[in-house]
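Asker: give me the fold of what follows.
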Amino acid sequence: SFPTRRSSDLELVEVPAVVRDSSGIAIPKLTREDFEVLDSGKKQKISVFSVETFSRAGEPTEPIMSPAPYGTPTPQSKPEPPRRYIALVLDDLNTDFASLHRGKTAAEKFVSEALAPSDLVGVFTTALSQTVEFTADVPTLRQAIEAVMPHTRYSDELYECAPIRAYEAYLIANHQDPPLLRAKAGELMTCYHMPLDTALRAAEAKADAIWENVSINTDDTLRSIAAVVAAVSRMPGQRMVLLTSSGFISGGKEQELQALSSVALHNGVIVSGMDLRGLYTLIPGGDASMPKYARGMSMPEIQIQAHVEDAKDDGMAMLASATGGSFFHN
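Answerer: Take a look at the predicted model:
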């Protein structure tokens, strides 16, 4: 906290900060001397400095207070830790039943074991708009979590000839990967015995249609997350959004993500995310569990296979990085 003056009044302004290393790990044991606060380019005196952590069991530790002289001496009393308002978001719009089940299991464990005594939690979803009350009542939270079911509106269709995945559709529709377009046209030629020029037009039209649906789905997802950020922004105290999802394609939505991040930052909301796909590995060309059309990847497809999977994480990763949150994936 640093003091500012308005007329004859003295006001303390709280400036929360999270400091991370290049790997995204929070740096511990920082002191007041490690920080410098500028207000309109002018260095300000730090009147009160505190470090707040939470133990593994969720019990708040005692804040470490470091007073600095500024007029009247700072009281040495230990303040109560600020109440945390946590919006727990289960992405039922982009997550299948198996992944959502894992997310619900983790969420129920979180509300049962990991909350501090003063924490209040609200359970939100992305498919349906809802008014949610923040509560510390664990049975109520567990009931809300258990009631969440998948409402997926789009998934990659791999059981048809010449399938085009969502990220591939984004690349083709936005003219970012001509070799991939030619590879998909070649698959259509093999499947339907059509000439090359017809296959190229068909592949592009198919990618355009898929990307339109995926884009609408992503817009709906970001609107839902924005509504959750707005809801938690109205709460006093520390504000957090915990987003669990199997991921969504956010290519071409950079401005929307930046705007959402700016709103969260402006309102002091930290967004963290968790990829519900868990730990996975990529086998070039696919494995035996995939249909044969999906396993028969062309070289351009194999070359972008890792990007196809990673692209689903880009939106969550950007929101977490921009707001000082953490992103757990793979």
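
Asker: where along the chain do the helices fall?
Answerer: Applying DSSP state H to the chain gives helices spanning 97-113, 138-146, 166-173, 178-192, 196-233, 254-266, 292-295, 299-310, 314-323.

Asker: identify the bridge partners of Val241.
Answerer: Ala87, Val271 (DSSP bridges).

Asker: would you point out the helix or strand in the protein whose mean pLDDT is lowest?
Answerer: strand 64-67 (a mean of 46; mean pLDDT, DSSP states H and E).

Asker: what is the neighbour count of Pro150?
Answerer: 20 (other CB atoms under 10 Å). C-beta: built from backbone N, CA, C; applies to glycine.

Asker: for Ala231, what are its contacts?
Answerer: When contacts are counted by CB atoms under 8 Å, 6 or more residues apart in numbering, Ala231 touches 87, 122, 124, 132.

Asker: can I get the residues you listed in TSV including distance to Met318?
Answerer: Listed next are the contacts of Ala231 as TSV, based on distance: CB to CB, whole Å:
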residue	distance to Met318
Ala87	18
Gly122	23
Phe124	20
Val132	25
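
Asker: where strands are concerned, which of those residues count?
Answerer: 87, 122, 124 (DSSP state E).

Asker: ok, these vs Val232, which is closest?
Answerer: Ala87 (4.4 Å; CB to CB).

Asker: weakest of the helices of the chain in terms of mean pLDDT?
Answerer: Lowest mean pLDDT within the helices of the chain: helix 292-295, at a mean of 52.

Asker: residues near the nearest residue to Val18 once chain neighbours are set aside, how many?
Answerer: Distances taken as CB to CB, 6 or more residues apart in numbering place Gly324 nearest to Val18, at 4.3 Å, with adjacent residues excluded. Neighbourhood size, Gly324 [other CB under 10 Å]: 19.

Asker: Val51 too?
Answerer: Look at Val51: counted by other CB under 10 Å, it has 15 neighbours.

Asker: residues in contact with Glu133?
Answerer: So Glu133 contacts Gly122 (CB under 8 Å, 6+ apart).

Asker: roughly how far apart are it and Gly278?
Answerer: 31 Å (CB to CB, to the nearest Å).

Asker: try Leu243
Answerer: In terms of CB to CB, Leu243 sits 16 Å off from Gly278.

Asker: who has more neighbours out of those two?
Answerer: Leu243 (26 against 12).

Asker: isn't that one right next to Ala317, touching?
Answerer: No - with contact defined as CB atoms under 8 Å, Leu243 does not count as touching Ala317 (11.0 Å).

Asker: if we can go back for a sec, highest mean neighbour count out of the helices of the chain?
Answerer: helix 166-173 (a mean of 24; mean count of other CB atoms under 10 Å).

Asker: for the stretch 1-150 of the chain, what spans make up the strands?
Answerer: 2-6, 9-13, 37-39, 42-44, 48-51, 64-67, 84-90, 120-125 (DSSP state E, counting those that start in this stretch).

Asker: how near is Val271 to Ser245?
Answerer: Distance from Val271 to Ser245, by CB to CB: 12 Å.
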